[in-house]
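Peer 1: what would the 3D arrangement of this be:
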Amino acid sequence: MAKLSPEIIIVGGGAVGLIAAVYLTSRNVRVLVLEAGPEQLDQESQAIFHAAVSRGRNHAGLHQGRFRALGGTTNFWGGQLVRFDRTVFTERAWLGDAAWPIKLEDIEQFYAECERLLGVPDGLSEDRSVIKQLQTPAEYRDSDLEYFYTRWLTEKNLRFRFARFLESNANIAVVTNAPVTSLRIGANNEIAAVTVGFGHQAVDVAARLLVLANGTVEMIRLLQHQTADGHAPPWAANPWLGRGFMDHLEGTIASIVPLEKSLFRSLFDNVFLQGMKLQPRLKLSEARQLEDKLLGAAIHVKFEAQEHVQNAKIFLAGLLKGRLSHPRRITSEIWAAVRLGFPMAWHYLVNQRIWSPMNGNIQLRVMLEHVPLTSSTITLSEDCDKFGMRIPELRWAVSGETEIRTIQAAAALSKKYFESRGIAKVAIAEQILAGGPELLASFVDTFHQMGGARMGISESDGVVDSMCRVFGCDNLYVMGAAVFPTSGFANPTFTAMALALRTAETIRRRVQR
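Peer 2: Numbers count the residues shown, from 1 in each chain. The predicted structure follows:
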């Protein structure tokens, strides 16, 4: 670390931290990445997540969906890329006072830069281009449900995608097993150093600017924790710190029976173009959302058969990649990874979340955002972990009425879409028609932890400004889904990475000014 003399410290070596580090170092900024976990997953590094406390709505991802190792959650990520819709950045009164201080146009160029860094083939970024290439039947068009594709990376684990770059670039150093346990505040309320717990030894590491990119729950935990000298941090009184926690809701809305199988397949089979998998889905159109005051939601066709096969492929890829080159560690590492990944794989299996071939029961699933609430919080309990940090406590809250209306609208519009075109017969689930609390109770989280350090115009409505700098501290930035004021329906990783690159560009200009 001393040899590098970093200008920037990035806390967290997951998707967001790694892509920001690659962007900065390729532009001659010296970066030190501090990853709390080891280079590869092991049981000991994950134990810290088991102590986290859930007091509100059940949240499986608090314990199963977080990974403390280089690459972070990309160790078990499916690699799905979905851009946020323009509607997400539009002020929507039915979501309370939650609103983005930026527009889609502010991050569009950084979506494109992400795609370049992640190796997305040219010509696959726009749905219209894909539809034209595939000669998709005209039945895809609808004014209420918009047809679109999600894109799935071939190399999903960013530790492997950027391995050669990380090893060869002199501007970057990545240190694993380096948990940041506190922040040291210096003059003018700036970060003077971070305290890193190396075993029984604590070391202060300094740089000009500090970036927190260590995942929503751990990031909020560190922001709330007392400083190295035992005081509350300068931003501790911010009314939004730890509030507005969100995840996506997902559940089954209907079963379907194809009537015109060739048309059904041409619209909803997975496709491969230039080596990349694309999955067709439907989403509530912007016009329908705004007119009926609905939330963002996307519908996908779920084939029940072969569910185990698809999950096993993702699971085993995460377990085995990079381990076979270390024969002595194969048995212990794979066994540790199996123990870590089984609960998550079981969650996927029970809740039927991954695409399968059409040879069994076919369902329609919906994934939607929920209204961000001040009562949905991440706080600190009185208990401490082995590093002396207080354990996080999650109270996930979902309001109900707007979410139920959105789920019912998605079901009704799906039935109309499939049946009016003669594609399939749709039977909406009874609990969807009935509504009520039982409906929401059947919907699960998706391991998409967001909010808690939301972006705002001022300290009264956010924790960070439009460039993700923490209010009250000139040299502290936050990268990740924690800054989202609202979430839309899309997997948050792609947008979190795009926002991280936008912040990284701001940091680059500041350092090189």
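
Peer 1: any regions of the stretch 301-450 of the chain where pLDDT drops low?
Peer 2: Segments of the stretch 301-450 of the chain classed as low confidence (criterion: pLDDT under 70) are 304-359.

Peer 1: and the helices in it, which stretches?
Peer 2: Ranges of helices within the stretch 301-450 of the chain are 307-320, 330-351, 401-420, 430-434, 437-441, based on DSSP state H, counting those that start in this stretch.

Peer 1: what of the stretch 1-150 of the chain?
Peer 2: Counting by DSSP H, counting those that start in this stretch, the segments of the stretch 1-150 of the chain that form helices are 15-25, 43-50, 61-64, 108-118, 127-134.

Peer 1: what lies in contact with the first one?
Peer 2: Yep, that's helix 15-25 we're talking about. The contact list for helix 15-25, computed with CB atoms under 8 Å, 6 or more residues apart in numbering, reads 8, 10-11, 13, 31, 33, 35, 71-74, 77, 113-114, 117-118, 158-159, 162, 165-166, 169, 171-172, 174, 211, 213-214, 479-480, 493, 496-497, 500-501, 503-505, 507-508. Backbone N, C-alpha and C define where each C-beta goes, glycine included.

Peer 1: how big is the angle separating it from helix 108-118?
Peer 2: Between the direction of helix 15-25 and that of helix 108-118, the angle (axes from the mean of the first three to the mean of the last three CA atoms, to 10 degrees) works out to 90 degrees.

Peer 1: let's number from 722 now, not from 1
Peer 2: Renumbered: residue one is now 722, and that last one reads helix 736-746.

Peer 1: which parts of helix 736-746 are buried?
Peer 2: Within helix 736-746, the residues that qualify as buried are 736-746, counting by 16 or more other CB atoms under 10 Å.

Peer 1: ok, now the last one?
Peer 2: Taking 16+ other CB under 10 Å as the neighbour-count basis, helix 848-855 is seen to contain the buried residues 848, 851-852.

Peer 1: try the third one
Peer 2: By neighbour count on 16+ other CB under 10 Å, the buried set for helix 782-785 is 782-783, 785.

Peer 1: which one of those is nearest to E1159?
Peer 2: Nearest to E1159 among those is G782, at 22.0 Å by CB to CB.

Peer 1: the closest residue to the closest one other than its chain neighbours: how many residues sit nearby?
Peer 2: Taking CB to CB, 6 or more residues apart in numbering, and ignoring the residues beside it in sequence, G782 has F1168 as its nearest neighbour in space, at 3.6 Å. If you count neighbours by other CB atoms under 10 Å, F1168 ends up with 22.

Peer 1: could you list every residue that touches G793?
Peer 2: Counting by CB under 8 Å, 6+ apart, G793 has contacts 733-736, 738, 879, 936.

Peer 1: those residues in strands, which ones?
Peer 2: Secondary structure defined by DSSP state E assigns none of the contacts of G793 to strands.

Peer 1: next one: phi and psi at G1209?
Peer 2: Recorded main-chain torsions at G1209 are phi 60, psi -160, according to degrees, to the nearest 10.

Peer 1: do the same with L994
Peer 2: Reported as degrees, to the nearest 10, the phi and psi values for L994 are phi -130, psi 130.

Peer 1: can you report how many residues lie near the residue nearest to it when sequence neighbours are not counted?
Peer 2: If you skip the residues right next to it in sequence, L994 has L845 as its closest partner in space, 5.9 Å away by CB to CB, 6+ apart. Neighbourhood size, L845 [other CB under 10 Å]: 19.

Peer 1: L845 touches G996, doesn't it?
Peer 2: No. Using CB atoms under 8 Å, L845 is not in contact with G996, being 9.9 Å away.

Peer 1: F993 is in contact with T875, isn't it?
Peer 2: No. Counting by CB under 8 Å, no contact exists between F993 and T875, whose distance comes to 10.1 Å.

Peer 1: which of the two has more neighbours?
Peer 2: In this comparison of F993 against T875, neighbours counted by other CB under 10 Å, the higher total goes to T875 at 13 against 9.

Peer 1: ok, the more buried one - contacts?
Peer 2: When contacts are counted by CB under 8 Å, 6+ apart, T875 touches 800, 840, 996-997.

Peer 1: I'd say K877 and G800 touch.
Peer 2: Yes. In terms of CB under 8 Å, K877 counts as a neighbour of G800; the distance is 3.5 Å.

Peer 1: what about K877, distance to R1190?
Peer 2: The gap separating K877 from R1190 is 30 Å, by CB to CB, to the nearest Å.

Peer 1: out of these two, which sits in the busier spot?
Peer 2: Per other CB under 10 Å, whichever of K877 and R1190 has more neighbours is K877, with 22 against 19.
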